[in-house]
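Enquirer: Here is a sequence with its predicted model. Questions after.
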Amino acid sequence: MIFCSDTPHLPEVAVTILSTNMAAPRVCVPGERLFSTADCEAGPGTYVHHGYIYSCLAGYMHKRKTEGKELSIVEVIRQKEDAVPRIGSIVTAKVTSVSGRMCKCAITCVERTTLREPFRGLIRKEDVRATEKDRVEMYKCFRPGDIVLARVLSLGDANCYLLSTAENELGVVLALSEAGAQMVPVSWCDMQCPKTGSKEFRKVAKVQLQQE
Amino acid sequence: MAGLEIISDQGYRIDGRRSSELRKVCARMGVFTQADGSAYIEQGNTKALATVYGPHEVRKGRGKIQHDRAVVNCQFSMATFSTGERKSRPKGDRRSQEMSMHLRQTFEAVIVTELFPRSQIDIYVQILQADGGNYCACVNAATLAVIDAGIPMKDYVCACTAGFIQDSPLLDISYVEESAGAPFLTVAMMPKSEQIVLLEMNSRLHADNMEKVLDLATQGCKDVFAVLDRHVRDHVSESHALMTAS
Amino acid sequence: MSSTLGVLSDAERLFIVHGVQDDLRSDGRACEDYRHVQVETDVVSNTSGSARLRLGNTDILVGVKAEMGEPDPGRPKEGKLEFFVDCSANASPEFEGRGGEELAIEVSNALQRIFNSRSTLDLTALCIIPEGQCWVLYVDVLVLECGGNLFDAVSLAVKAALFNTRIPTVVVTADDEGQQEIELSDDPYDVKRLDVDNVPLIVTLSKIGHRHVVDASWEEELCSLARLTVGVTQKGTIAGLNKEGSGSLDPESIYEMIESGKKVGMVLNSRLKEALEKEENSKREKIGFLG
């Protein structure tokens, strides 16, 4: 009997990047010297040592030109994206507990990649919304079990990431009512249960359709 | 080891190799699906398996957290049936703890840990069959697994042993040659930048011979690198082919 | 045990439970279907017998080493079987250090349970000198990846490794003073093999909703509250039974589960035998982990 490997699952992101690159992509391995820093700028997947850019991943080299910059950026892209929350990235999280000062949640998704295991996140009272920060009541914004979109503010302390929902597009996207039905947003601070018609308070996110 | 000729008069070793020849190296990346990265390597009859998890939150002992870089955590274990004589336990003895420590130091030197502050990277290696050069097989397998996991590294790390038996340096010592009691050197190095990250010798060797043995070992590391490099490139283009086909 | 791998949301759980109810599981199998099994024997050359088995994402390596030892005083004319299970950290970071020990003991107890019966393996064949020396078979199980249904995979791999086990022939001679001497045969082909026809396989039945499934994936294991592990031989005899998990089962469903366990177990036994014999007769080169 033969052993054979499973076909690796590849995210769409990498496919689009590679298919737009017309020239045959160059395979790089860690430690491979790519360019001098005089010719290019180091991007993700590379490091600089003694004036040269080296690859630190095994993958394909990709040169990107950004406006307003003279040098193009070199990056090395792998098939499998690995996700760690970074400052500024949008994460999807599930609320696990709510107290008067803050709300704890489990980060399950970073940008478009689902995590293998959840990271802990924390939304402080003052980071819930951009206006009237002093009048925020946590219990009127989140409930345990809600699915929240949030932005990573900082890597936080040793225990969790600090998140913020202080933008119109961020906040609760999915919530169940007390009757157990999925609620429909009616305003930026209310959601309504389709079963009983009762309204519950939430910091609702204005979900934007992503343009492809 | 009386009566056992390590090198024949014709200059061949017990397994038929010449003094500066490596054993056959076969490798495969991405053996497992659940781990973030995994690799398997065969160097002659020594077989090792490595898996990498992470970077993830620091699990045990929050005291270990480094605020400016990732913690590298290694565990070395040997299958109880891997050696000629059955081992009573796979890990936890002094030798494996020392191996774990050496592995950690080796990989802390090459992984770009500054990119992942407050997180942890786990590297687990397991010897499935032991026939000399266990540490080397582990390092080489772990290198492939780290690359498979997509964790940024400054360079490869390749390891190789070289011994000094019957007045001549020998590359890639097998178990029989190891147990002949002659001195041998274990070297782990970054082949492109030619930096040595680990150097170990547990015996006596005349300083005059040191250079010869070390030169041979570094050459061995570069030979191992050539093989690993080919595997990595093949693996990357293979997954690319799969991707474009779908 | 599968809690080590992650968590399921309510929706995922509901999806699996509803699927099982309709006899269609998330990977397209019916309730009594096994996943694809790949087995290869003789993968570790310095053992008496070895096998690597992959069941879905579960990966098991078993090595059997035959060493000489003293028999149990209670059973002086029999050899011994010793089981040791190592849940390696490769399978899950949770198993690092002593983390895998509890699960390992659970698995080795399950093996002990099904090998307890005297009819399982002819242990008297392992006797060298009654009350003096016997063969001790160390069966070492290494769990390399955990993708659900660990018990079944381990028992399959153990049976394959025992099938592959070759014990050197020994000749006992008595010298003038009545001292017995053991002589090992020099010929590597002069070996004894074990009769594994009566070795049972473990079939785990997981209760999900009102039905039960065989060969649960780890997602399905998370949905089941109670499991029944049944040891089944090729002839359909039940050897060892154990209920696991935090839930409870009513006697009626236990009978049902034993019945389907028996049915599946018999097929599994004959398929494994077929595959092992086929592998032995083919002259294919060993692939091991490189395939």
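Expert: Noted; the coordinates are in hand.
Enquirer: just the helices in chain A please.
Expert: A:12-20 (DSSP state H).
Enquirer: hey, which strand is longest across it?
Expert: Across chain A, the longest stretch assigned as strand under DSSP state E is strand A:113-124.
Enquirer: does chain B sit close to that strand?
Expert: Yes - using CB under 8 Å from any CB of the partner chain, we find that strand A:113-124 touches chain B at A:116-117, A:119-120. All C-beta spots, glycine's among them, are computed from the backbone N, C-alpha and C.
Enquirer: Pull out the buried members of those.
Expert: Buried residues within the residues of strand A:113-124 next to chain B, defined by neighbour count using 16 or more other CB atoms under 10 Å in any protein chain shown: residue A:119.
Enquirer: Mind putting the residues of strand A:113-124 next to chain B into a markdown table with pLDDT?
Expert: Output for those, formatted as a markdown table (pLDDT from 0 to 100):
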| residue | pLDDT |
| --- | --- |
| A:116 | 72 |
| A:117 | 74 |
| A:119 | 85 |
| A:120 | 88 |
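Enquirer: Which single residue in chain B comes nearest to chain A?
Expert: Closest approach between chain B and chain A, counting by CB to the nearest CB: residue B:155, at 3.1 Å.
Enquirer: neighbouring contacts of the longest strand of chain A?
Expert: Identification of contacts with strand A:113-124 by CB atoms under 8 Å, 6 or more residues apart in numbering or on different chains yields A:11, A:81-83, A:85, A:91, A:93-94, A:101-109, A:142, A:148, A:150, A:152, A:156, A:159-165, B:36, B:56-57, C:6-7.
Enquirer: Please apply the same query to stretch B:90-104.
Expert: B:72-80, B:123, B:125-126, B:134-135, B:138-139, B:142, B:198, B:200, C:86, C:88, C:142.
Enquirer: Helices - which of those land there?
Expert: The helices, defined by DSSP H, take in B:134-135, B:138-139, B:142 from the contacts of stretch B:90-104.
Enquirer: Highest neighbour count among those?
Expert: Among the ones in helices among the contacts of stretch B:90-104, the one with the most neighbours (other CB atoms under 10 Å in any protein chain shown) is residue B:139, at 31 neighbours.
Enquirer: Show me where chain B has its helices.
Expert: Applying DSSP H to chain B gives helices spanning B:94-110, B:134-149, B:175-178, B:207-245.
Enquirer: now the second one: how far from the chain's centre is it?
Expert: Using CA atoms, centre = their mean, to the nearest Å, the mean C-alpha position of helix B:134-149 is found 6 Å from that of the whole chain.
Enquirer: hey, where'd the helices end up in the stretch 1-150 of chain C?
Expert: With DSSP state H, counting those that start in this stretch, the ranges of helices along the stretch 1-150 of chain C come out as C:10-21, C:101-114, C:150-164.
Enquirer: Could you tell me the least trusted of those helices?
Expert: Lowest mean pLDDT within the helices of the stretch 1-150 of chain C: helix C:10-21, at a mean of 89.
Enquirer: Now do that helix: which elements does it pack against?
Expert: strand C:201-208, strand C:211-214, helix C:218-223 (3 or more CB pairs under 8 Å, 6 or more residues apart in numbering or on different chains; DSSP states H and E).
Enquirer: Tabulate those in CSV, adding columns for mean neighbour count, mean pLDDT and distance to residue C:14.
Expert: Shown next, in CSV, are those (neighbours: other CB atoms under 10 Å in any protein chain shown; pLDDT from 0 to 100; distance: least, CB to CB, whole Å):
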stretch, mean neighbour count, mean pLDDT, distance to residue C:14
strand C:201-208, 27, 94, 11
strand C:211-214, 24, 93, 15
helix C:218-223, 22, 89, 9
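Enquirer: and the residue of the stretch 51-200 of chain C nearest chain B?
Expert: The stretch 51-200 of chain C approaches chain B most closely through residue C:63 (3.0 Å), counting by CB to the nearest CB.
Enquirer: residue ranges with poor pLDDT in chain B?
Expert: Along chain B, the model assigns pLDDT under 70 to residues B:1-4, B:61-62, B:243-246.
Enquirer: check contacts around the residue in it that chain C sits nearest to.
Expert: The nearest approach of chain B to chain C comes at residue B:81, 3.0 Å away (CB to the nearest CB). Counting by CB under 8 Å, 6+ apart, residue B:81 touches B:87, C:44, C:46-47, C:50, C:63-65, C:138, C:140.
Enquirer: how near is the residue nearest to it when sequence neighbours are not counted to residue B:90?
Expert: Of all residues not flanking residue B:81 in the chain, residue C:63 sits nearest, at 3.0 Å (CB to CB, 6 or more residues apart in numbering or on different chains). Distance, residue C:63 to residue B:90, using CB to CB, to the nearest Å: 11 Å.
Enquirer: What residues sit buried inside stretch C:261-273?
Expert: So, applying 16+ other CB under 10 Å, buried residues of stretch C:261-273: C:261-262, C:264-266, C:268-269, C:272-273.
Enquirer: If you could redo that for stretch B:151-166, that was the one I meant.
Expert: Going by neighbour count (16+ other CB under 10 Å), the buried part of stretch B:151-166 is B:151-165.
Enquirer: Kindly report the same for stretch C:34-52.
Expert: Applying a neighbour-count criterion of 16+ other CB under 10 Å, one finds C:34-35, C:37-44, C:46-52 buried in stretch C:34-52.
Enquirer: among those residues, which are in reach of chain B?
Expert: Among those, chain B is touched by C:44, C:46-47, C:50 when using CB under 8 Å from any CB.
Enquirer: how far does stretch C:280-287 stretch from start to finish?
Expert: Terminal residues of stretch C:280-287 are spaced 14 Å apart (CA to CA, to the nearest Å).
Enquirer: what about that stretch and chain B, touching?
Expert: No - figure legend: stretch C:280-287 not in contact with chain B (CB under 8 Å from any CB); closest approach 10.0 Å.
Enquirer: is chain A contacted by that stretch?
Expert: Yes - Stretch C:280-287 lies within reach of chain A by CB under 8 Å from any CB, at residue C:287.
Enquirer: average pLDDT across that stretch?
Expert: pLDDT averaged over stretch C:280-287 gives 78.
Enquirer: So which of the contacts of residue B:81 are in strands?
Expert: Of the positions in the contacts of residue B:81, C:50, C:63-65, C:138, C:140 sit in strands, assigned by DSSP E.
Enquirer: Near chain C, which residues of chain B are found?
Expert: Selection of chain B residues close to chain C by CB under 8 Å from any CB yields B:26-28, B:31-35, B:38, B:40, B:42, B:45, B:47, B:49-51, B:53, B:56, B:59, B:73, B:75, B:77, B:79-84, B:86, B:90, B:122, B:124, B:126, B:128-131.
Enquirer: Now, of these, which are buried?
Expert: Using 16+ other CB under 10 Å as the burial test, the residues of chain B next to chain C include B:27-28, B:31-32, B:34-35, B:38, B:40, B:42, B:45, B:47, B:49-51, B:53, B:56, B:59, B:73, B:75, B:77, B:79-83, B:86, B:90, B:122, B:124, B:126, B:128-131 as buried.
Enquirer: pLDDT wise, what is residue 51 at?
Expert: Because you didn't say which chain, this covers chain A. For residue A:51, the predicted pLDDT is 91.
Enquirer: my bad, the chain I had in mind was chain C
Expert: 95.
Enquirer: what's the answer for the one 4 residues further on, then?
Expert: Per-residue confidence at residue C:55 stands at 93 (pLDDT).
Enquirer: Having no further points to raise, I will conclude here.
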